[in-house]
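> model the structure of this input:
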Amino acid sequence: MEDNNQMTYTQAVTELEQLVQKMQDPQCSIDNLTAYTKRSKELLDICRKKLTAADEQLKQILADIQKTDN
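Sure thing, here's the model as predicted:
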């Protein structure tokens, strides 16, 4: 497991996909399911933060481009 501050969006999504596969396994124990669910929430939080940051940066870039064009 990587440090959450250093994890990329792609790494978080990849780990989420792996966790989903593990949770769908009929042999997945309740104990593991709880841990997987907790980690999934952490990963979703990482993805949400990165998407929000990217959205804000893109809006700023587009605003700067629009200012330059005027």
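> name the helices or strands packed onto the longest helix belonging to the chain?
Taking DSSP state H as the criterion, the chain has its longest helix at helix 30-69. For helix 30-69, the elements it packs on are helix 9-24, judged by 3 or more CB pairs under 8 Å, 6 or more residues apart in numbering; DSSP states H and E. Any C-beta I mention is one placed from the backbone N, CA and C, and that applies to glycine too.
> of all the residues in the helix it packs on, which ones are buried?
Ala12, Glu15, Leu16, Leu19 (16 or more other CB atoms under 10 Å).
> how about the lowest-mean-pLDDT helix or strand in the chain: buried residues?
Sorting the helices and strands of the chain by mean pLDDT, DSSP states H and E puts helix 30-69 at the bottom, at a mean of 95. Neighbour-count burial for helix 30-69, counted by 16+ other CB under 10 Å, picks out Tyr36, Leu43, Ile46, Cys47, Lys50.
> returning to what we had before: next one: the longest helix of the chain to chain centre, how far?
In terms of CA atoms, centre = their mean, to the nearest Å, the centre of helix 30-69 is set 6 Å apart from its chain centre.
> what sits against the residue nearest to the spatial centre of the chain?
Centroid-nearest residue in the chain: Cys47, 2.2 Å away (criterion: CA atoms, centre = their mean). Cys47 is in contact with Tyr9, Ala12, Val13, Leu16, counting by CB atoms under 8 Å, 6 or more residues apart in numbering.
> quick check: phi and psi at Cys28.
phi -70, psi 120 (degrees, to the nearest 10).
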